[in-house]
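[1] structure for this input, please:
(3 chains)
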Amino acid sequence: METWNEQTIKKFRKTLLDWYDDEGRFHLPWRVNHEPYRVLVSEIMLQQTRVDTVIPYFERFMKQLPTVEDLAKAPEEVVLKLWEGLGYYSRARNLQKAAQFVVNELHGSWPESSEDLQSLPGVGPYTAAAISSISFGETVPAVDGNQYRVFSRLLKIDADIADTKSRKIFYDIIAPIVDPERPGDFNQAIMDLGSSYMTTKNPNSAQSPVRQFNAAYRDGVEDQYPVKTKKQRPIKQLFMASVVKKNGQLLFEKRPNNGLLAGFWTFPLKQIDSVEDLVGEQLNIKPVVHIFTHRRWEIWLVEQKADNLQDNQRYLSPEEWQSLSLPKVQHKLLEKLYDTE
DNA sequence: GATTCGTGGTG
DNA sequence: TCACCAAGAAT
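    Coordinates of the predicted model:
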């Protein structure tokens, strides 16, 4: 890999930040100011989620819960409803716990260092560094997918970013490069660079403001970075979803409080080995297919007669289930059901 | 330390 | 259709 001397580092900082001052994405709604609450909410939403997806969620969230106190005292159902469709729902629950910790335990006084911020639920090394650098000016690299991608190319870093140990390797390499005068802007500039010129696919390094620092581009091996071992494909699972009607209501079942879609309401789902195991009146020729990161669900809707209620089951009217935060897969099932009828 | 956690976009 | 990705953290 490449190494930069102090002069190169200073030149890189200036080049990067000059470009950022001209072409940074200052219109993004979470960049209106640097209040830690706004930065926290946006950073949690942006975990593993695209900017364009987050924008409307962020604006709705901040409009309804404009302060950390508002979030701390809100009913959890309200927070989850605001999060509906974003996925990774433990983020929403942890975000509220973090707000409650700041308000109730710290009396509204935010932790300012990256180290202390990591004590907040849902705030790990990246998010803590992002908040501490952007809101409080701490000189730390916010090592995320963008920094992996950008610096692996600039410096030809061969560490496998799928490996947990690589985070420290990148952190140690990037830490002395972060501009101590403008650490928050430095981190955000790398994000903007990673979403414009130094993208995952089809990078445009020839036009990049930092092309002169890009060793992988110089050597024609840009497509080899970042190094990342591939993950396994989703496991296929078959389910039978029970459609049970009673007085205009539908039977729902609350999922366990841990695991996939923890605590969310869906139609009663029973895993089956094959379509032969379906019991009842099959409603569709094709199943509802829903793909998670590591699971692929094929769900057959089956109409069944009412039976005794399990303690995790309830009949819900349309008004009731529409007010709940439901996972995408359940919305698909409902849509399929109403399409059929 | 490998696995688990959602969803929508894209080539 | 499908693999892979997108501002990671918790377990």
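[2] helices and strands around the strand or helix carrying residue A:172, which ones?
    In the assignment (DSSP states H and E), residue A:172 maps to helix A:166-174. Contact partners of helix A:166-174 among helices and strands, from 3 or more C-beta pairs under 8 Å, 6 or more residues apart in numbering; DSSP states H and E: helix A:145-155. (C-beta placed from N, C-alpha, C; glycine too.)
[3] re earlier: what residues sit buried inside the helix holding residue A:172?
    Residues of helix A:166-174 classed as buried: A:166, A:167, A:169, A:170, A:171, A:173, A:174 (neighbour count, 16 or more other C-beta atoms under 10 Å).
[4] the inter-axis angle of that helix versus helix A:145-155?
    60 degrees (axes from the mean of the first three to the mean of the last three C-alpha atoms, to 10 degrees).
[5] longest helix of chain A?
    Under DSSP state H, the helix in chain A containing the largest number of residues is helix A:6-23.
[6] are that helix and DNA strand C in contact anywhere?
    No. Shown here: helix A:6-23 not in contact with DNA strand C (C-beta under 7 Å from any atom of the strand), separated by at least 12.1 Å.
[7] and stretch A:168-175, by the same measure?
    No. Stretch A:168-175 lies apart from DNA strand C when judged by C-beta under 7 Å from any atom of the strand; the minimum separation is 11.1 Å.
[8] is that stretch up against DNA strand B anywhere?
    No. Stretch A:168-175 stays clear of DNA strand B (C-beta under 7 Å from any atom of the strand), getting no nearer than 9.8 Å.
[9] contact partners of that stretch?
    A:125, A:139-141, A:143, A:147-148, A:151-152, A:155, A:157, A:159, A:161 (C-beta atoms under 8 Å, 6 or more residues apart in numbering).
[10] so for that stretch, mean pLDDT?
    For stretch A:168-175, mean pLDDT rounds to 98.
[11] ok, stretch A:59-66 next?
    In the prediction, stretch A:59-66 has an average pLDDT of 98.
[12] and for stretch A:188-208?
    97.
[13] using CSV, list the CA coordinates for it.
    Extracted as CSV, the C-alpha positions of stretch A:188-208 are listed here (Å, rounded to 0.1, in the frame of the first residue of the first chain):
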residue,chain,number,x,y,z
GLN,A,188,-18.6,14.4,5.4
ALA,A,189,-16.4,15.3,2.4
ILE,A,190,-15.2,11.7,2.2
MET,A,191,-18.9,10.6,2.2
ASP,A,192,-19.7,13.0,-0.6
LEU,A,193,-16.7,11.9,-2.5
GLY,A,194,-17.8,8.3,-2.1
SER,A,195,-21.2,9.1,-3.4
SER,A,196,-20.1,11.1,-6.4
TYR,A,197,-16.8,10.3,-8.0
MET,A,198,-15.5,7.3,-6.0
THR,A,199,-18.7,5.2,-6.2
THR,A,200,-18.9,1.5,-5.8
LYS,A,201,-19.9,0.9,-9.4
ASN,A,202,-18.7,2.9,-12.3
PRO,A,203,-16.4,5.3,-10.4
ASN,A,204,-15.4,8.5,-12.3
SER,A,205,-11.9,8.9,-11.0
ALA,A,206,-10.7,10.6,-14.1
GLN,A,207,-12.7,13.6,-13.1
SER,A,208,-12.3,13.2,-9.4
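[14] who touches that stretch?
    So stretch A:188-208 is contacted by A:16-17, A:19-20, A:23-25, A:31, A:51, A:134, A:144-147, A:149-151, A:153, A:209-211, A:214, A:217, A:222 (C-beta under 8 Å, 6+ apart).
[15] that one vs DNA strand B: in contact?
    Yes. Stretch A:188-208 is in contact with DNA strand B by C-beta under 7 Å from any atom of the strand, via A:201, A:202.
[16] now do the buried residues in that stretch.
    A:188-194, A:196-198, A:203, A:205, A:208.
[17] that stretch close to DNA strand C?
    Yes. Shown here: stretch A:188-208 in contact with DNA strand C (C-beta under 7 Å from any atom of the strand) through A:188, A:191, A:194, A:195, A:199, A:200, A:201.
[18] and those residues, which is closest to DNA strand C?
    Of all these, the one with the least separation from DNA strand C (C-beta to the nearest atom of the strand) is residue A:200, at 2.4 Å.
[19] pop out the phi and psi values for the closest one.
    Taking degrees, to the nearest 10, you get phi -60, psi -50 for the backbone angles of residue A:200.
[20] quickly note the distance from it to residue A:145.
    From residue A:200 over to residue A:145 the distance is 8 Å, taken as C-beta to C-beta, to the nearest Å.
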